[in-house]
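Asker: fold the following for me, if possible:
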Amino acid sequence: MDELFSQIANIGFPIVVSVYLLVRVEAKLDNLTVSITELTKAIESIKRA
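Answerer: Residues are numbered from 1 along each chain as shown. Modelled structure (predicted):
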């Protein structure tokens, strides 16, 4: 039983941390994509003026 808990701690914890970080990074990448799109539109409108 102790070996099972040890395996869960050694394998499960890094998996949970990795998934959590991937979800957070994905949200930040989505925000960055929106910002880059808005910046592109702003630069294009300046070029036309």
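
Asker: okay, CA-based contacts and neighbour counts for the rest of this
Answerer: Will do.

Asker: could you pull out the helices for this protein?
Answerer: In the chain, the helices defined using DSSP state H lie at 2-7, 13-48.

Asker: where among these is the average confidence lowest?
Answerer: Mean pLDDT is lowest for helix 2-7 out of these, coming in at a mean of 86.

Asker: point to the residue nearest the middle of this protein.
Answerer: residue 25 (1.3 Å; CA atoms, centre = their mean).

Asker: which one of the helices of the chain is the most hemmed in?
Answerer: Ranked by mean neighbour count, the helices of the chain are led by helix 13-48 with a mean of 11 (mean count of other CA atoms under 10 Å).

Asker: what is it packed up against?
Answerer: Judged by 3 or more CA pairs under 8 Å, 6 or more residues apart in numbering; DSSP states H and E, helix 13-48 is in contact with no other helix or strand.

Asker: how far out from the middle of the chain is it?
Answerer: How far helix 13-48 lies from its chain's middle: 8 Å, per CA atoms, centre = their mean, to the nearest Å.

Asker: for residue 31, see how far away residue 37 is.
Answerer: As judged by CA to CA, to the nearest Å, residue 37 and residue 31 stand 10 Å apart.

Asker: cool, residue 14 as well?
Answerer: 26 Å.

Asker: now swap in residue 43 and tell me
Answerer: 18 Å.

Asker: what's the answer for residue 46, then?
Answerer: 23 Å.

Asker: swap in residue 15?
Answerer: Here residue 15 is placed at a distance of 25 Å from residue 31 (CA to CA).

Asker: tell me how far the ends of stretch 2-15 are from each other?
Answerer: 20 Å.

Asker: from the chain's centroid, how far away is it?
Answerer: Counting by CA atoms, centre = their mean, stretch 2-15 comes out at 25 Å from the chain centroid.

Asker: same question for stretch 1-9.
Answerer: Mean-position distance between stretch 1-9 and its chain equals 30 Å (CA atoms, centre = their mean).

Asker: same question for stretch 31-49.
Answerer: So, by CA atoms, centre = their mean, the centroid of stretch 31-49 is 22 Å from its chain's centroid.

Asker: CA atoms only: put it into PDB for me.
Answerer: The C-alpha trace of stretch 31-49 is given here as PDB (Å, rounded to 0.1, in the frame of the first residue of the first chain):
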ATOM      1  CA  ASN A  31      -4.600  36.700 -24.900                       C
ATOM      2  CA  LEU A  32      -1.400  37.300 -26.700                       C
ATOM      3  CA  THR A  33      -2.900  36.300 -30.000                       C
ATOM      4  CA  VAL A  34      -5.800  38.800 -29.500                       C
ATOM      5  CA  SER A  35      -3.300  41.500 -28.700                       C
ATOM      6  CA  ILE A  36      -1.200  40.800 -31.700                       C
ATOM      7  CA  THR A  37      -4.200  40.900 -34.000                       C
ATOM      8  CA  GLU A  38      -5.300  44.200 -32.500                       C
ATOM      9  CA  LEU A  39      -1.800  45.600 -33.000                       C
ATOM     10  CA  THR A  40      -1.700  44.500 -36.600                       C
ATOM     11  CA  LYS A  41      -5.000  46.200 -37.300                       C
ATOM     12  CA  ALA A  42      -3.800  49.400 -35.600                       C
ATOM     13  CA  ILE A  43      -0.500  49.400 -37.700                       C
ATOM     14  CA  GLU A  44      -2.500  48.800 -40.900                       C
ATOM     15  CA  SER A  45      -4.800  51.700 -40.100                       C
ATOM     16  CA  ILE A  46      -1.800  54.000 -39.500                       C
ATOM     17  CA  LYS A  47      -0.300  53.000 -42.800                       C
ATOM     18  CA  ARG A  48      -3.500  53.900 -44.700                       C
ATOM     19  CA  ALA A  49      -3.800  57.300 -43.100                       C
END
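
Asker: thanks a lot, catch you later.
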